[in-house]
Structures are given as structure tokens and as C-alpha cells.
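Enquirer: got a structure for you, letters missing:
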């Protein structure tokens, strides 16, 4: 089981599946892998009991086998941030280059009134989202005079960074929430 986590593509797949069930094709597209490569990594994760499958017509859908799979990945991710200073430096440099301001969940009330905006794909939003949040895909409904707090899959996911920059460029007041949906759900 532990050996199957030694590949960064498989860790990325676990991170993707933490946000909901996905097909091989969806995982391949979101991770920018070929379908064959994604399928091979998924089979490794399935054999080592990290993921499970469900068949619907001609499609196979993958999901994490249990809540502990994400908890283990989250612990590894946070441990790496503490032990490898270059990870935080890269994250800081990325945010500076994109002029992304971010806040921790514990700081949320300082932005009241605010609206939580989920920057993940619509299918992930539909699978679950933070209470009282709206999908970025309902952008036409966003109030212009309310602070927008944008979240996605987590600290290393760039979806919220990109959405925050875009919303600020469109005249909104937006910040990125450092934690992701699964971190807070």
C-alpha cells in the first residue's frame, strides 16, 4: 500500500478523487495524462486498496475506498510542507507572481460579509461543497459589493488562485481560502 504512493501521479489522482468519483477519462484530462497512463495508475491504486470502482454502462468510475485514504494523503502533504522549505517557497513565489492574496479558514470572519465561491469543476461542486457556497460557474449571480472567498481542492490547487485573479480583474473583491473543500468538510 505504501509503495503505491511513491508516484506523484498517483498522489495527484488521490487528491482528485478526494473531491468525488471520477471516470478514467476525467482523471486523465484533469491530470493531463493519457488515458492509458491514468488507467495504469488507477489499477495500481485499486490493487493496493486505495480506490474502488463502479461500472455504469461502458464507463468505470473510481472513488477513494475510505475517508482514511484522503486523511493519509493530507498528513503526508502537510508533513512535506513542514520538512521541505522549498515547498512553501514555491507556493509563496507562485502566489506573489499571480498577486493572489490568501487567508486561512480561521480568519474568515474578518472578511464578513463574505460569500464562499467554489472554484472546482461543477461535477465536484455537485458532489459536495461548503455550506452556503456558490459555484464559480454561477458567476453571473455573484454580488459585486461582497467579499468573495474562493476555495478549491486545497493549498496546492491552482483553480482558486486563477479564479481569484480573474474575479479581481473583473472588479470583484476576492481572496483565496488556503484550505480546500475536503480539508474543511
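Expert: Thanks, I have it. Small disclaimer: the values here were computed from a predicted structure and weren't measured.
Enquirer: As a check, name the ranges of all strands in this protein.
Expert: 22-23, 51-56, 59-64, 102-103, 114-118, 133-135, 147-151, 173-177 (DSSP state E).
Enquirer: Switch those strands over to a markdown table; also include mean pLDDT.
Expert: Converted to a markdown table, the strands of the chain look like this (pLDDT from 0 to 100):
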| stretch | mean pLDDT |
| --- | --- |
| strand 22-23 | 94 |
| strand 51-56 | 96 |
| strand 59-64 | 94 |
| strand 102-103 | 90 |
| strand 114-118 | 94 |
| strand 133-135 | 94 |
| strand 147-151 | 94 |
| strand 173-177 | 93 |
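Enquirer: Dump those strands to a markdown table, plus mean neighbour count and distance to residue 78.
Expert: C-beta: built from backbone N, CA, C; applies to glycine. Converted to a markdown table, those look like this (neighbours: other Cβ atoms under 10 Å; distance: least, Cβ to Cβ, whole Å):
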| stretch | mean neighbour count | distance to residue 78 |
| --- | --- | --- |
| strand 22-23 | 20 | 24 |
| strand 51-56 | 13 | 22 |
| strand 59-64 | 18 | 18 |
| strand 102-103 | 18 | 16 |
| strand 114-118 | 21 | 22 |
| strand 133-135 | 17 | 23 |
| strand 147-151 | 24 | 17 |
| strand 173-177 | 24 | 16 |
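Enquirer: Let me have the ones you listed in JSON lines, extended by distance to residue 45.
Expert: Putting the strands of the chain into JSON lines (distance: least, Cβ to Cβ, whole Å) gives the following:
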{"stretch": "strand 22-23", "distance to residue 45": "12"}
{"stretch": "strand 51-56", "distance to residue 45": "5"}
{"stretch": "strand 59-64", "distance to residue 45": "8"}
{"stretch": "strand 102-103", "distance to residue 45": "30"}
{"stretch": "strand 114-118", "distance to residue 45": "26"}
{"stretch": "strand 133-135", "distance to residue 45": "28"}
{"stretch": "strand 147-151", "distance to residue 45": "26"}
{"stretch": "strand 173-177", "distance to residue 45": "28"}
